[in-house]
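J.: quick one, what's the 3D model for this:
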Amino acid sequence: MPYRSGCGGYANDWWCKGGYDTMPRRNFGAIRKMRSGRFQASYVVNGERFPAPHTFQTSKDADAWLAETRSAITRGEWLRPDMAGQTFRHYALTWFSYRKDSLAPKTARLYASTLDTLLLPYFGPMSMRDISPLSVKQWRLQLINEYKTKEKTGKMPNRRSTGTTRIAQAYRLLHTIMAEAERDEVIRHNPCVVKGASSSRAAERKPATLEELDVIARNMPDRYHAIIPFAAWSGLRFSEIAGLRRKDIALVADVSANELVYRINVDKQTYRIGTEIYEEAAPKTSAGHRVVYLPAHLTPVLMEHMAKYVNEPQESYVFSSRNNTPIRNNVIGKMFRAARKAAGRDDLRFHDLRHTGATMAAKAGATTKELMQRMGHSSPRAALIYQHADERGDMELAARMEHHRREEQRQEQRIRQLEERLREVTA
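T.: Numbers count the residues shown, from 1 in each chain. Next up is the predicted model:
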């Protein structure tokens, strides 16, 4: 195949067709003079030719553009023009369609909602290469101001919400998408560089006391009386509790404490999204696969519950509806909100029972490793990846929690006796 001088390629290259005048052969790229008298430049990368986005008035201008392009390639900052020019909407939706099948249903729904409501309305029509650190900061500030306005006017869907969690979620998703774009060489650098924007400081939650737990449990329907102490002392997430079956619970002997305790195997979760139910779903994280032991005082409570409300088949749900279907978050939540009023804790959420469990474990002397194991949390520190808490450690922790519970109960009883004596003296 003949090589045509000045074409920067072979004679059948589209660049050389059409009879236009070409300039002398160059070390990088090619320049040709068009019939209009203007000059057009192009270059080849990995066997593919890329023309300049516009023509030039002089060959010197075209040469300067090629020199700048070659410099960008040498510095590793060159981007494919056909990729960098695409909009955020096009890239983000392509990214989501590629990823959604590998995401958990809840996560996929969260990503779709975040894209539709918080990212695409602002960044959608923008070119990927035009999204800068400044535009990201301006977008985040706009969201903060919008949520502040909603909070002042009472338009927030949850009166305790400030929108900080939603903004942090949106920022994390934007950061993930732009990091992928950087790897795809669509952008040079990730523009999401706002320090601390990926996290949101959760409001301090006050754990329930032992007395409050008892009051709330007594005010729940009998079928769900046991779910309150179970949720608090196990520290399981609601979806993990909903997924428990008879086969996941076993009564074992804690020889060192001379007690019978329940061993809970956590390896799945059950939840609903709209009208669709997801059973046997994988835990939230790999750390969610764990074994949890309950303190001994829950043994008679759970034994009674199992005998009255759990069917004999091993696949039967431990906590279920009257139709033996998985419990629903909104149904249990409605009962819980009614019961918490009796304890004077209108601020307490069902999820706060998990926080209560973590607090009690910490008071019983649990180490960071033991807490991570019991609560199913992934480690924020790489060093802890190499530490492994075993079942025996959690059984011992459950025994310490039981001892701490008895001590707190005795302390609360002494306080009540002192208050009663004080009332008698001052009467």
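
J.: only C-alpha atoms for contact and neighbour calcs from this point on.
T.: Fine.

J.: so Val186 sits against Met83, correct?
T.: Yes - between Val186 and Met83 a contact is recorded at 5.5 Å, counting by C-alpha atoms under 8 Å.

J.: so where's this protein shaky on pLDDT?
T.: 1-25, 84, 156-162, 201-203, 378-393, 425, 427 (pLDDT under 70).

J.: output the contacting helices and strands for the helix ranked longest in it.
T.: Residue-count comparison of every helix in the chain, with assignments taken from DSSP state H, identifies helix 391-426 as the longest. Under the contact criterion of 3 or more C-alpha pairs under 8 Å, 6 or more residues apart in numbering; DSSP states H and E, helix 391-426 touches strand 290-293, helix 352-363, helix 368-375.

J.: buried residues in the longest one?
T.: Right, helix 352-363. Across helix 352-363, burial judged by 16 or more other C-alpha atoms under 10 Å covers 352-362.

J.: equivalent analysis for the last one, please.
T.: When burial is assessed from 16+ other C-alpha under 10 Å, helix 368-375 yields the following buried residues: 369-375.

J.: swap in stretch 214-230?
T.: Counting neighbours by 16+ other C-alpha under 10 Å, one finds that the buried residues in stretch 214-230 are 215-220, 224-230.

J.: for Ile241, give me its contacts.
T.: 231, 269, 319 (C-alpha atoms under 8 Å, 6 or more residues apart in numbering).

J.: re the thing from before, could you export the helices and strands packed on helix 391-426 as a markdown table, including distance to Arg414?
T.: Compiled in a markdown table, the helices and strands packed on helix 391-426 are given as follows (distance: least, C-alpha to C-alpha, whole Å):
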| stretch | distance to Arg414 |
| --- | --- |
| strand 290-293 | 29 |
| helix 352-363 | 20 |
| helix 368-375 | 30 |
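
J.: nearest to His403, out of the ones you listed?
T.: Within the helices and strands packed on helix 391-426, the stretch nearest His403 is helix 352-363; the backing value is 10.8 Å (C-alpha to C-alpha).

J.: show me what the closest one is packed up against.
T.: Of the remaining helices and strands, those touching helix 352-363 by 3+ C-alpha pairs under 8 Å, 6+ apart are helix 227-234, helix 368-375, helix 391-426.

J.: again, 10 Å this time
T.: helix 210-218, helix 227-234, helix 368-375, helix 391-426 (3 or more C-alpha pairs under 10 Å, 6 or more residues apart in numbering; DSSP states H and E).

J.: centre of the chain to the last one, how far?
T.: In other words, helix 391-426. Here helix 391-426 is found 37 Å from its chain centre; the criterion is C-alpha atoms, centre = their mean, to the nearest Å.

J.: same question, stretch 44-57
T.: Its chain's C-alpha centre lies 42 Å from the corresponding centre of stretch 44-57 when counted by C-alpha atoms, centre = their mean.

J.: repeat for stretch 298-305
T.: Between the mean C-alpha location of stretch 298-305 and the chain-wide mean there is a distance of 34 Å, by C-alpha atoms, centre = their mean.

J.: what's the answer for stretch 198-216, then?
T.: Taking the mean C-alpha point of stretch 198-216 and that of its whole chain, the gap between them comes to 21 Å (C-alpha atoms, centre = their mean).

J.: and it, end to end?
T.: From its first residue to its last, stretch 198-216 covers 36 Å (C-alpha to C-alpha, to the nearest Å).

J.: next, Thr270: phi, psi?
T.: Backbone geometry at Thr270, expressed as degrees, to the nearest 10, gives phi -130, psi 130.

J.: I figured it hits Ala242, correct?
T.: Yes - at 5.6 Å, Thr270 counts as touching Ala242 under the criterion of C-alpha atoms under 10 Å.
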